[in-house]
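Visitor: Below are the sequence and a predicted model; questions follow.
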Amino acid sequence: MALSADFQDLTVVNNHANDTHTMFADIGTGFIYFTTVDQQNVMQHDISMTFEEWELFKQIIDMGIAKERCK
């Protein structure tokens, strides 16, 4: 998954809670800012990270996905 300046938004469905979360991303100079809001607008999470932290975050997610697929 590569980052690009035209990344707009992403809707993620949480299968465990049967809820829809919307993720907005803003790619600034060297930083990525995420805001996620659940469907009922009850919870909001704001996350910021550098591109280097994003690369590490992606590796952790990919390792978790690979582990689940091996079960």
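Guide: Cool, the structure landed. Everything numeric in this text was worked out from a predicted model, so none of it was measured.

Visitor: part of a strand, is Q40?
Guide: No - per DSSP: H, G, I helix; E, B strand; the rest coil, Q40 lies outside any strand segment and is coil.

Visitor: F31 versus that one, what's the distance?
Guide: 29 Å (C-beta to C-beta, to the nearest Å). Yep, even glycine has a C-beta here, placed from its N, CA and C like the rest.

Visitor: Contacts made by the helix or strand harbouring H45 with the rest, please.
Guide: Using DSSP states H and E, H45 sits in strand 44-50. By C-beta atoms under 8 Å, 6 or more residues apart in numbering, the residues outside strand 44-50 that reach it are G30, F31, I32, Y33, F34, T35, T36, V37, D38, F57.

Visitor: excluding its backbone neighbours, what's nearest the last one?
Guide: This points to F57. For F57, ignoring the flanking residues on the chain, the nearest one in space by C-beta to C-beta, 6 or more residues apart in numbering is M49 at 6.6 Å.

Visitor: So what pairs up with that neighbour in the strands?
Guide: I32 (DSSP bridges).

Visitor: Neighbours of it, how many?
Guide: 14 (other C-beta atoms under 10 Å).

Visitor: With the one 3 residues further on instead?
Guide: Counted with other C-beta under 10 Å, the burial measure for E52 works out to 9 neighbours.

Visitor: pLDDT score assigned to it?
Guide: At E52, the model reports a pLDDT of 87.

Visitor: if I look at it, how far off is I32?
Guide: 11 Å.

Visitor: re the thing from before, which pair in the contacts of strand 44-50 spans the largest distance?
Guide: Spanning the widest gap among the contacts of strand 44-50 are G30 and D38, at 28.8 Å by C-beta to C-beta.

Visitor: All set now, cheers.
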